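Undergrad: okay, here's the prediction I keep looking at, along with the sequence it came from:
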Amino acid sequence: AQKVTQAQTEISVVEKEDVTLDCVYETRDTTYYLFWYKQPPSGELVFLIRRNSFDEQNEISGRYSWNFQKSTSSFNFTITASQVVDSAVYFCALRGKLSFGAGTTVTVRA
Amino acid sequence: DTGVSQNPRHKITKRGQNVTFRCDPISEHNRLYWYRQTLGQGPEFLTYFQNEAQLEKSRLLSDRFSAERPKGSFSTLEIQRTEQGDSAMYLCASSPGLEDTQYFGPGTRLTVL
């Protein structure tokens, strides 16, 4: 069985602040993929990033960065210099038949 | 390249009625997935297809639910004898392969009165 836990239910920040979203997962697989998706108020899930388990190199893509630590089964996601348009629910998900966390609602205030 | 499309976007029905939703995946994507999302929760896996073959069904998918992908292109999800507990957003996604990124459609919001 696999499980994804997003302990933060809501985060509220002021524009330009950084936001870090936590994700902890459980799986018995030795290789797997992790994802972050964004769901704005319109409702459509938007793919953000994908990381495979055998590559722990952390990366930055524009204002997004992620910290994958296999030893602690964590896959945290950071939005740098947040903007109002970043307001959405963010979901962490695990491998093929995606197992989603419950989501973290991010509100960015102007 | 168009994205995943779903129809209808909204469906209101009375308890006991049957409903059918359609999903058109990104062309040439072999895998098609159905998920259900209730308010305040993450999407839950229902079933998936590789081409026309339905490879797995979640235990969430009761006997009242049936999904097809007859020609390996679009898919339909039918709910028979709807119940109020079926009210949710039904999401469809497609991907080239199992571990590839899934791209989601806008969803069909079902309300059962």
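TA: Ah, there it is.
Undergrad: how about B:Q17, secondary structure?
TA: coil (DSSP: H, G, I helix; E, B strand; the rest coil).
Undergrad: from B:N7, how far off is it?
TA: Distance from B:Q17 to B:N7, counting by Cβ to Cβ, to the nearest Å: 17 Å. For every residue, glycine as well, the C-beta is placed using N, CA and C.
Undergrad: repeat for A:A1
TA: 34 Å.
Undergrad: compare those two (neighbour count), which wins?
TA: Under the criterion of other Cβ atoms under 10 Å in any protein chain shown, the comparison of A:A1 against B:N7 puts B:N7 first, with 14 against 6.
Undergrad: partner residues bridging the more buried one?
TA: Note on B:N7: beta-bridge partners B:R22, judged by DSSP bridges.
Undergrad: wait, it sits on B:F21?
TA: Yes: counting by Cβ atoms under 8 Å, B:N7 touches B:F21, with 7.3 Å between them.
Undergrad: overlap of the contact sets of those two?
TA: B:T108 (Cβ atoms under 8 Å, 6 or more residues apart in numbering or on different chains).
Undergrad: now the closest residue to chain B within chain A. Nearest residue, chain neighbours left out?
TA: Here the residue of chain A nearest chain B is A:F100; by Cβ to the nearest Cβ that distance is 3.2 Å. Among residues not flanking A:F100 along the chain, B:G42 sits closest, at 3.2 Å (Cβ to Cβ, 6 or more residues apart in numbering or on different chains).
Undergrad: thought the one you found was touching A:F91?
TA: Yes: in this structure, B:G42 is within contact of A:F91 by Cβ under 8 Å, at 5.2 Å.
Undergrad: shared neighbours of these two, anything?
TA: A:F100, A:G101, A:G103.
Undergrad: any idea how far the residue in chain B positioned nearest to chain A is from B:P25?
TA: Of all residues in chain B, B:G42 sits closest to chain A, with a separation of 3.2 Å (Cβ to the nearest Cβ). Taking Cβ to Cβ as the measure, B:G42 and B:P25 are separated by 21 Å.
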